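>>> give me a model of this one.
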Amino acid sequence: MIQALFQEKWKAMNRYQQDKPLLILAGPTAVGKSDISVKVAKALGGECISADSIQVYKGLTIGSGKITEEEMEGVPHHLLDILDPKEDYDASAFQCMAREKVEEIYRRERLPILVGGTGFYIQAMLRDIDFQEEDEAEKERLRSKLEKEREERGSTALHEELKWVDPVSAEEIHPHNRQRIMRALEYFYLHKSPISKHNQEEKEKEALYDSLFLVLNRNREDLYEGINARVEKMFRDGLVSEVEAFYKKGYTEHSPGFKGIGYRELFPYLRGECSLSECKSLIQQNSRHYAKRQLTWFKREKETIFVEAENFQSREEEAEWIIEKCMSKWGFLKRS
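All right, here's what the predicted structure looks like:
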């Protein structure tokens, strides 16, 4: 009886719901993920889901490198502009929302394309990661204690503390990433075990989707040149005005939406604590360091296939290679 019901349910599913194809286009910042993803989506009838921790916020467009409506070229995009910058957003929230979107896309018989550079978000999507229940009262007590320590000693001191209890996480997390440092310390003191150990165990869980995990990459010189040029363009496009509007409303670099590179560096400038050129240089430097950490993370993932730009004559040729790769993996796909 149960088997018969399962068979009926299976028959009612379309091919996408049965096979669960999921294309992932990841890579470091400023590598050109948005452009390639649109080209692939248009060819294969895909819809894009943002795997980015900042683009989800309303009004944070220039500093996050958010794709514009014109650049989307009619391709549906999801998990963009849905939260206020004061609202928290983490891998658990992303996992829940992204999986709902994937199922919706399957029902429309289209290919979901996960696009972004936040590695842990992608990992949370691919595997049945357990976001453990925690004692909220104890968690709040610890968070208040860590926040007080941060105010007294600074984020760098907390990062030094993290080196002692969880050196793997300390290597991965930038010393200025207050939220992730505090979360790693919070996890350690709650569970008496490093969060990096927990994350590694979760990595080894069975995948939930039939995924093709591609990492777009450039040689280091071209990548860093592209990052510097992108930051220059952000300032020309009005990044200072974008952040200043929120600053006047009382937002700070500690607001969840402004913890990302390209935003947090501007608040000292707006307070008159540094020059604009110093601010710009710091964003470029932090972006280059972040790109390096992203690549390190992706190289540790077993399923990743690196797509090197220098192997192609153009972005169109690179996109065509990805399209052919998808059609080879999922034979039921048709070109639009």
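>>> and residue 144, how many neighbours?
Neighbourhood size, residue 144 [other Cβ atoms under 10 Å]: 10. C-beta: built from backbone N, CA, C; applies to glycine.
>>> can you check residue 191 too?
13.
>>> state the pLDDT value of it.
Residue 191 carries a pLDDT score of 85 in this model.
>>> so the closest residue to residue 74 other than its chain neighbours is in which element?
Take residue 74 and drop its neighbours on the chain: the residue closest to it by Cβ to Cβ, 6 or more residues apart in numbering is residue 42, 7.7 Å away. Using DSSP states H and E, the element containing residue 42 is helix 33-44.
>>> hang on, the residue nearest to residue 74 packs against residue 71?
No: applying Cβ atoms under 8 Å, one finds residue 42 not in contact with residue 71, separated by 12.0 Å.
>>> the two: which is more packed in?
With neighbours defined as other Cβ under 10 Å, residue 42 and residue 71 compare such that residue 42 has more, 17 against 12.
>>> got the contact list for the more buried one?
Counting by Cβ atoms under 8 Å, 6 or more residues apart in numbering, residue 42 makes contact with 73-75, 336.
>>> of these - the most surrounded one?
That'd be residue 75 among those, by other Cβ under 10 Å, with 18 neighbours.
>>> okay, that residue: pLDDT?
98.
>>> residues touching it, list them.
37-38, 41-42, 46-48.
>>> could those go into CSV alongside pLDDT and distance to residue 314?
Formatted as CSV, the contacts of residue 75 follow (pLDDT from 0 to 100; distance: Cβ to Cβ, whole Å):
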residue, pLDDT, distance to residue 314
37, 98, 16
38, 98, 15
41, 98, 18
42, 97, 16
46, 97, 20
47, 98, 25
48, 98, 21
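>>> for PyMOL, write a command that selects the buried ones of the residues you listed.
Entered in PyMOL, the line below selects the buried ones among those, by 16 or more other Cβ atoms under 10 Å:
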select buried, resi 37+38+41+42+46+47+48
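>>> distance to residue 329 for the contacts of residue 75 - can I get that in TSV?
What follows is the contacts of residue 75, written out as TSV (distance: Cβ to Cβ, whole Å):
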residue	distance to residue 329
37	17
38	20
41	16
42	19
46	14
47	18
48	18
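>>> and of the contacts of residue 75, the nearest to residue 54?
residue 48 (16.0 Å; Cβ to Cβ).
>>> are we agreed that that closest one is in a strand?
Yes: per DSSP: H, G, I helix; E, B strand; the rest coil, residue 48 lies within a strand segment.
>>> beta partners for it?
residue 77, residue 113 (DSSP bridges).
>>> gap between it and residue 234?
Noted for residue 48: a distance of 21 Å to residue 234, by Cβ to Cβ, to the nearest Å.
>>> burial check on residue 321, number of neighbours?
14.
>>> element containing residue 125, please.
Per DSSP H and E, residue 125 falls inside helix 119-126.
>>> quick one: list the elements packing against the next helix-or-strand element following that helix.
Following helix 119-126 in sequence order, the next helix or strand is helix 136-153 (DSSP H and E). Applying 3 or more Cβ pairs under 8 Å, 6 or more residues apart in numbering; DSSP states H and E, one finds that helix 136-153 contacts helix 155-165, helix 178-191.
>>> quick check: which of those helices is nearest to residue 66?
Judging those by Cβ to Cβ, what sits closest to residue 66 is helix 178-191, at 20.1 Å.
>>> before we move on, the earlier item: so how far is the helix holding residue 125 off the chain centroid?
8 Å (Cα atoms, centre = their mean, to the nearest Å).
>>> what angle do the helix holding residue 42 and strand 46-50 make?
Taking axes from the mean of the first three to the mean of the last three Cα atoms, to 10 degrees, one finds helix 33-44 and strand 46-50 inclined to each other by 160 degrees.
>>> which one of the helices and strands packed on helix 136-153 is the most hemmed in?
helix 178-191 (a mean of 20; mean count of other Cβ atoms under 10 Å).
>>> wait, a helix at residue 214?
No: Residue 214 is assigned strand when assessed by three-state DSSP, not a helix.
>>> next, format the contacts of residue 42 as a markdown table and append secondary structure and distance to residue 220.
Listed next are those as a markdown table, based on DSSP: H, G, I helix; E, B strand; the rest coil; distance: Cβ to Cβ, whole Å:
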| residue | secondary structure | distance to residue 220 |
| --- | --- | --- |
| 73 | coil | 30 |
| 74 | coil | 34 |
| 75 | coil | 30 |
| 336 | coil | 35 |
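>>> pull the most distant pair out of those residues.
73 and 336 (12.0 Å).
>>> wait, isn't residue 158 in contact with residue 150?
Yes: using Cβ under 8 Å, residue 158 is in contact with residue 150, at 5.7 Å.
>>> give me the common contacts of these two.
Common neighbours of residue 158 and residue 150 (Cβ under 8 Å, 6+ apart) are 178, 182.
>>> and the next element down the chain from the least confident helix or strand in the chain by mean pLDDT?
Using mean pLDDT, DSSP states H and E, helix 2-12 stands out as the lowest-scoring helix or strand of the chain, at a mean of 61. The first helix or strand that comes after helix 2-12 along the chain, using DSSP H and E, is helix 15-19.
>>> so which residues make contact with stretch 319-336?
Contacts for stretch 319-336 (Cβ under 8 Å, 6+ apart): 15, 19, 21, 23, 25, 36, 39-40, 42-45, 111, 210, 212, 214, 307, 312.
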